[in-house]
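In: pasted the sequence and its predicted model underneath.
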Amino acid sequence: MADVKCPKCRAEFTVDFEPGTEFECGACDAVVVVPEPTAKPAARPAGRTAAASRRPAAPTSAKKGPPVPLLVGGGAVLVLAAFFLLAGGDDEKPATPAPSTVTAAPTKPVEPPKPVRPSDPFEAARFDAAQPGASTEAVMTLADMAWEKAEAAAKDGNTSAESRFRSEAGEAYASILKKNGDDPKARERLGFVRFDREAANATLAQPWMTKSLRSGVEEVVETLDEKLGDRLSKPVWISTRDAQIGKTAKEWKVLGPRLAAREAAWKSRSTDPFYRSAESVAAAIEADVGRKLRRAEVDGDCFRVYIEKPYVCLVQRDKVGGEDRIADRWLETLLQLKDVFYERLGEPLALAPMEKPTPVLVLRTDIDYTKYMRLSDPRAQITSLAHYEPWSNRLVTWVEKDAAFLSKNEKGMTEEEVRTTLFHEGTHQLIDFNTKAKTPMLAMAQALWFSEGIADYFGGHGRKWNEDLQKWDYEPGLINTERIDSLTSSKERENLIPLRELLGYRRADYVKEKEDTRMQLKILNAYAQGWLLCYLLANHNDGRDRAKFDEYVKRELSGQTGEATFKAVFGADAVERVEKDLLQLIDELGKAKKEERIVNGRLRK
């Protein structure tokens with residue numbers, strides 16, 4: 001038998017274990033070691049009972065306590081604290097507790113039970129990655145799942161969750177790089193991009209290289225040569241977070257995929273039927289209007305053709321050149337619009353990708369544009385920077401005003417004017433492409449408020465520079481301040497079109513009335529009220545009716561329009577209820593504009 005005291009909580013035990021045996025204290029889980037036996041105590045004084053000789057002298061009263069569990073080799077033994085009232089001779093003293101005792105044969109230590117792997121997939125990935133000697137695959141699984149959760153949180157606007165999951169993914173990817181510094185996924189998601197100087201220089205000689213891409217590659221190579229020197233003798237990973245080359249790394253991160261896409265498109269020309277069809281579309285346009293629009297000082301074809309799926313861009317040739325620059329600018333803008341359009345409506349409406357050649361004519365001046373317009377209408381006047389033709393599927397636009405007709409202080413078109421117009425007219429082209437129930441008269445039967453309102457919805461957009469992707473991010477559906485003045489004025493003069501009449505006002509009606517000067521105010525209001533209605537239903541009140549608006553757009557693309565369709569989506573009382581909301585919104589926006597509370601297309605409360 002041995003008296004043992006826990007070194008942590010001071011609980012006392014009397015055990016029948018061999019010296020050196022280890023067990024766990026049942027009170028605090030500390031490890032207790034049975035000590036070597038000490039020298040025998042001195043003989044007991046005569047006349048004392050054995051019980052009395054064991055009684056401590058200090059305590060004056062006994063206290064009962066709960067049983068103390070004793071863990072031996074991983075198994076629990078219950079130690080009962082037994083207390084007895086001890087008496088010796090004729091004098092009585094308060095009882096004191098005797099040492100706790102337990103008799104058990106020493107057992108071989110048993111390992112504690114292993115933790116159970118969670119059933120939740122993400123928690124299970126965390127569990128697997130935390131195990132000693134976890135495989136790279138286990139850590140990568142955790143990293144990828146955390147990254148996906150961060151992306152989902154970002155989409156939902158949950159910045160706190162995004163930051164938390166992004167940090168967890170980053171730690172996991174960083175641990176992977178300690179084992180394999182060239183893991184491409186870990187590198188890329190930690191902000192690195194691979195740069196191969198030899199390969200970059202080789203792209204400059206490729207036949208598919210455009211002027212803007214060439215300029216970008218040359219600038220990156222020059223900067224990295226200066227900053228990294230001999231390190232570029234072999235491919236290197238460059239960080240977008242590096243203080244010296246971070247901006248250049250971001251530029252290359254954007255250029256790399258663009259170069260790859262351009263090369264892939266070039267190589268697929270011989271096998272992808274799109275390009276053969278696109279060349280046929282371009283040839284047909286050249287045959288149709290090329291001879292009539294070709295400038296006198298230009299030999300050969302009127303247009304130079306640039307194909308960037310899904311667009312077929314025909315730029316009118318001029319003796320001063322510059323067609324590459326114009327094509328790059330126009331195509332970049334239209335591709336931005338397509339991305340914004342599909343990001344906003346692609347998933348809710350299950351839109352099919354654009355795989356049909358979509359023609360864009362870019363004429364050099366307003367004079368050339370007038371000539372084109374008068375090929376079909378001798379009385380046509382220039383009223384905009386562009387227009388879309390549903391019958392030919394052409395988006396037709398022009399670059400600048402003819403210098404010979406510019407006044408002294410007059411300037412050409414600004415970048416914002418060009419972009420806003422292309423976004424508006426390009427939306428007509430996208431809507432037409434995605435209209436499922438196409439008939440020759442469908443465009444003419446469509447409600448004008450929707451046709452022009454949805455174009456204004458995307459035309460009235462904001463943009464913010466994305467430092468990571470080195471590009472502009474566009475946001476559609478912002479407040480069109482130019483429409484507010486005409487709406488408030490028409491409301492004050494009681495010239496607004498009643499909503500029921502607006503819902504039934506078709507494009508065919510517009511075509512009949514557009515030349516009538518008496519109808520100009522009505523047409524202007526139809527455009528403005530169309531924008532307001534789209535803004536109200538899609539964006540106002542934190543997008544309360546956005547899901548219903550998307551459903552309405554879906555029906556318009558299926559050929560359903562008018563008051564009946566509007567009521568079917570928004571409710572039987574929609575006409576009266578929505579009209580009331582529209583009138584209130586005009587007042588609200590008019591007041592906000594006067595108070596300068598509309599900033600960058602957003603309403604400040």
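Out: Ah, there it is. Numbers count the residues shown, from 1 in each chain.
In: tally of neighbours for the closest residue to A174 other than its chain neighbours?
Out: Excluding its sequence neighbours, the residue lying closest to A174 (C-beta to C-beta, 6 or more residues apart in numbering) is L190, at 6.6 Å. (Glycine included, C-beta is placed from N, CA and C.) Burial measure for L190: 19 neighbouring residues, criterion other C-beta atoms under 10 Å.
In: L190 against Y173, yeah?
Out: Yes. Counting by C-beta atoms under 8 Å, L190 does reach Y173; the two are 5.3 Å apart.
In: now what about stretch 194-208, what contacts it?
Out: For stretch 194-208, the surrounding residues in contact (C-beta atoms under 8 Å, 6 or more residues apart in numbering) are 184, 187, 209, 213-214, 217-218, 220-221, 224-225, 232, 235-238, 249, 252, 259, 262-263, 265-266.
In: centre of the chain versus it, how much separation?
Out: 30 Å (C-alpha atoms, centre = their mean, to the nearest Å).
In: got it, and stretch 528-545?
Out: Centre to centre, stretch against its chain (C-alpha atoms, centre = their mean), the figure for stretch 528-545 is 23 Å.
In: got it, and stretch 237-254?
Out: Here stretch 237-254 is found 21 Å from its chain centre; the criterion is C-alpha atoms, centre = their mean.
In: go on, stretch 147-159?
Out: 8 Å.
In: now the buried members of the contacts of stretch 194-208.
Out: Buried subset of the contacts of stretch 194-208 (neighbour count, 16 or more other C-beta atoms under 10 Å): 187, 209, 213, 217, 220-221, 224, 232, 237-238, 249, 252, 259, 262, 265.
In: from the contacts of stretch 194-208, which land in strands?
Out: V236, W237, I238 (DSSP state E).
In: for those residues, which one is nearest K292?
Out: I238 (51.9 Å; C-beta to C-beta).
In: in space, not sequence, find me the middle residue of this structure.
Out: Among the residues of the chain, the one closest to the centroid is K155, at 5.0 Å (C-alpha atoms, centre = their mean).
In: from V575, how far off is that residue?
Out: 35 Å (C-beta to C-beta, to the nearest Å).
In: what's the answer for P132, then?
Out: Taken as C-beta to C-beta, the span from P132 to V575 is 69 Å.
In: how about L228?
Out: With C-beta to C-beta as the criterion, L228 and V575 are 66 Å apart.
In: what about the strands in the stretch 401-550 of the chain?
Out: 462-466, 471-475 (DSSP state E, counting those that start in this stretch).
In: for the stretch 251-400 of the chain, that is, sorry about that
Out: If you assign secondary structure with DSSP E, counting those that start in this stretch, the strands in the stretch 251-400 of the chain sit at 303-308, 311-316, 358-365, 386-389, 394-400.
In: contacts for the shortest one, please.
Out: When contacts are taken as C-beta under 8 Å, 6+ apart, the neighbours of strand 386-389 outside the stretch itself are 394-398, 421-422, 424-426, 428-429, 432.
In: check the second one too.
Out: Taking contacts as C-beta under 8 Å, 6+ apart, the residues outside strand 311-316 that touch it are 278, 281-282, 285-286, 293, 295, 302-307, 323, 326-327, 330-331, 334-335, 357-364, 368.
In: please repeat the previous calculation with a cut-off of 7 Å.
Out: 278, 281-282, 285, 293, 302-306, 323, 326-327, 330-331, 334, 357-364, 368 (C-beta atoms under 7 Å, 6 or more residues apart in numbering).
In: show me how the chain divides into domains.
Out: Domain assignment for the chain by automatic domain parsing gives 1-113, 121-190, 193-268, 273-432, 474-603.
In: in TSV, list those domains along with distance to Q446 and mean pLDDT.
Out: As requested, these are arranged in TSV below (distance: least, C-beta to C-beta, whole Å; pLDDT from 0 to 100):
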stretch	distance to Q446	mean pLDDT
domain 1-113	70	53
domain 121-190	32	94
domain 193-268	34	92
domain 273-432	9	89
domain 474-603	5	92
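In: to G459, which of these lies closest?
Out: Closest of the domains of the chain to G459 is domain 273-432, at 3.3 Å (criterion: C-beta to C-beta).
In: the closest one: how far from the chain's middle?
Out: For domain 273-432, the distance to the chain centre is 30 Å (C-alpha atoms, centre = their mean).
In: what about that domain, how long is it end to end?
Out: Using C-alpha to C-alpha, to the nearest Å, one end of domain 273-432 lies 22 Å from the other.
In: most tightly packed of the strands of the stretch 401-550 of the chain?
Out: strand 471-475 (a mean of 16; mean count of other C-beta atoms under 10 Å).
In: sheet partners, orientation included, of that one?
Out: strand 462-466 (antiparallel) (DSSP bridges).
In: can you give the contact residues for the strand it pairs with?
Out: Under C-beta under 7 Å, 6+ apart, the answer for strand 462-466 is W472, D473, Y474, E475, L478, N600, G601.
In: could you redo the last one with a cut-off of 8 Å?
Out: Counting by C-beta under 8 Å, 6+ apart, K471, W472, D473, Y474, E475, L478, N600, G601, R602 sit against strand 462-466.
In: got it, and stretch 590-605?
Out: By C-beta under 8 Å, 6+ apart, stretch 590-605 touches 460-462, 478-481, 484-485, 487-488, 588-589.
In: can you tell me which of those residues are in helices?
Out: Assigned to helices by DSSP state H, the following of these qualify: T481, I484, D485, L487, T488, E588, L589.
In: how many neighbouring residues does the first one have?
Out: Applying the criterion other C-beta under 10 Å, we find 13 residues in the vicinity of T481.
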